[in-house]
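**Student:** Okay, sequence plus prediction incoming.
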Amino acid sequence: MRAIADIVMEMSRFFSIRKLRAEAAFKRTLLLTAIAMVVIALGIFATLAIHSIPSMKALGIGFLWGRTWDPVSDTYGGLPFLAGTLITSFLALLISIPFSYAIAIYLGEYKTSGWISGFLKNVVELVAAVPSVIYGFWALVVLVPVVRVIETKVGVPPYGVGIFTASVVLAIMIIPYAASLGRELIRLTPSSLKEGAYSLGATRYEVIRNITLPYTKSGLFAGLLLSLGRALGETMAVTMVIGNSNRLPTNIFAPSNTMASVIANEFTEADRAIYLSALIELGLFLFLVTVVINVIGKAVIKRFIND
Amino acid sequence: MVNGLQLRLWKSRIFEGFTIFLAFLITLPLFAIIYYVVKTGITEINWSFITNIPQPVGESGGGIANALLGSVLIVLVATVISVPIGILCGIYLSENTNSRISYWSRLAVDILQGTPSIVTGIVIYFWIVKPMGGFSALSGSIALAIMMLPIIIRSTEENLKLIPSSLKEAGLALGLPYQKVILRIIVPCGFSGILSGIMLAIARVAGETAPLLFTAFGNPYLSAHLLKPMQSLPLLIFNYATSPYDEWHALAWGASTILLLWVFLLNISTKLITRKWKVQL
């Protein structure tokens, strides 16, 4: 009898040990995947940093304001691409603001339910879903001739491709991000605040202007930051319509290049170590800027929702 | 007084009209793109378009079989890589909401989500392409997998957080091991949400070109070898759209139509899933 009891005890201990081991292994696997994300993110930064060291050493900080990019004569200045990126992104943001705010206000305040707002919501989601290479192709064939007509009227060289075209395409592409976030946040406005204003005799416009928008200000700003982050890193559509000129742009219709588009165009043909390294340094800047903008944007949203 | 009120009411009405006008202008580019792409591309699509590979300039009857196969394979491998890792990491984040590692992991996921796709391409070039000595479909898949991870992790985390802890406690009280409670009770309960996250991730990377430029690279011939360069739909569209030949443009329009339909179909079916199971995304 004792022996059997011992065996049972032994077995149950054996199984519980195995059970515990399996649990520990599972928990370790979970932990490992969570750590893997940190490793990947740090690895991206480290890889870019290490491979841009040759260019940092050879070109120094002057890389940032060097105006000429001429791989043939071994001159690498990043300013044309920094300028191209900033101008296209901010112009796109400027164009997109009225539309994304209008969508956010309409869906968050005027029509929060019903088929017509459902339709608009789906349209906005599909605008975000169209692959960027298709935006680029469409812009190349449809938008470029239109811009060419505008350019002839304005009196600048009618390239068709250039900063303005790229900005228009980018604006369309980033509207959904600010719009859908703005809609969510506008809905969070406490109805007691709005009702208070209505009961004092405010019109709908005055409620939106004086209650909803001030209340959601920080959140809407964060939405703009996230849109900007998208615009800065967008590659294909911009590459196809910006005109690929490595000179410093002189006006908003001029052909130019962004950091992302010059990498896309020249990375595989960079034959010298320093050339490749200079391109990677541009990638490093791009990465750092978008990461900072995204992290700030997310932090602002988190604080807004927790308040 | 009455005039002031009238003025304010008119102002309100004009503002509403203006808002509606601006809001619905977004439908214009979307329908313009769908109309133009489908109108130009649909005439290209026939059986030989789907089964042939591109012909040299000047010869007719080319197709996009290599890009279709490549796109499906690359995205499939990316899904196989990213889904298990993404779900496991999502489980960790939903289970350990306040640990320090969760904080850093969440920050890392945010960073990955914000990383420009072209940067992911560069990094994978140095991680996979260079050590392996050449462009390969596998490296493209890994680049796409890194872009899918944040979406899958986020949707898993958010959906598992919504599941009442009483379910988990009941499972543990019955003596089920932790991994069984998670994999057999918690994950199946949040399955629809996780699935829609995965589909959304696939829809997002199916149209990605930039990370494939330096990884999968493209290939004019039909290839199913994961360690060799492979064509994909977005790469083909990019290469042929920027070429000067009309035949190649036509090919690119046909490919665009197929890609657009594919991406929209994925988005719409995700929508239907979320509506049917009332999932929050």
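**Tutor:** Nice, thanks for sending it over. Quick caveat: nothing in here was measured; it's all calculated off a predicted structure. Numbers count the residues shown, from 1 in each chain, chains lettered A, B, ... in the order given.

**Student:** Show me which residues of stretch B:158-167 are buried.
**Tutor:** B:158, B:159, B:160, B:163 (16 or more other Cβ atoms under 10 Å in any protein chain shown). Every residue, glycine included, has its C-beta placed from N, CA and C.

**Student:** Check the offset of stretch B:231-244 from the chain's centre.
**Tutor:** Here the centre of stretch B:231-244 is set off from its chain's centre by 19 Å, with Cα atoms, centre = their mean, to the nearest Å.

**Student:** what number of residues lie near the residue nearest to residue B:95 when sequence neighbours are not counted?
**Tutor:** Nearest residue to residue B:95, sequence neighbours excluded (Cβ to Cβ, 6 or more residues apart in numbering or on different chains): residue A:30, at 7.1 Å. Counted with other Cβ atoms under 10 Å in any protein chain shown, the neighbours of residue A:30 add up to 21.

**Student:** Residue B:149 versus residue A:30, what's the distance?
**Tutor:** 15 Å (Cβ to Cβ, to the nearest Å).

**Student:** for residue B:51, same thing?
**Tutor:** 34 Å.

**Student:** pretty sure residue A:242 is in contact with residue A:164, am I right?
**Tutor:** No. With contact defined as Cβ atoms under 8 Å, residue A:242 does not reach residue A:164; the gap is 9.7 Å.

**Student:** List the contacts of residue B:117.
**Tutor:** Counting by Cβ atoms under 8 Å, 6 or more residues apart in numbering or on different chains, residue B:117 makes contact with A:233, A:235, B:147, B:208, B:210, B:211.

**Student:** how close does the residue nearest to residue B:95 get to residue B:66?
**Tutor:** Residue A:30 is 40 Å from residue B:66, by Cβ to Cβ.

**Student:** Can you give me the neighbour number for the residue of the stretch 1-150 of chain A found nearest chain B?
**Tutor:** Closest approach between the stretch 1-150 of chain A and chain B, counting by Cβ to the nearest Cβ: residue A:131, at 2.4 Å. Look at residue A:131: counted by other Cβ under 10 Å, it has 25 neighbours.

**Student:** List the contacts of it.
**Tutor:** B:206, B:207, B:208, B:209, B:234, B:259, B:260, B:263.

**Student:** what does the model give the closest residue to the second one other than its chain neighbours for pLDDT?
**Tutor:** Looking back up the chat, that one is residue B:207. Excluding the flanking residues, the one nearest residue B:207 by Cβ to Cβ, 6+ apart is residue A:131, at 2.4 Å. If you check residue A:131, the pLDDT there is 96.

**Student:** next SSE after the one helix or strand in chain B whose mean pLDDT sits lowest?
**Tutor:** Least confident element among the helices and strands of chain B, by mean pLDDT, DSSP states H and E: helix B:47-51 (a mean of 88). The C-terminal neighbour of helix B:47-51 among helices and strands, as given by DSSP states H and E, is helix B:65-95.

**Student:** need the next SSE after that following helix, C-terminal direction.
**Tutor:** That would be, after helix B:65-95 and using DSSP H and E, helix B:100-114.

**Student:** Now do that next one: which elements does it pack against?
**Tutor:** The contact analysis (3 or more Cβ pairs under 8 Å, 6 or more residues apart in numbering or on different chains; DSSP states H and E) places helix B:100-114 against helix A:2-59, helix A:273-306, helix B:65-95, helix B:137-161.
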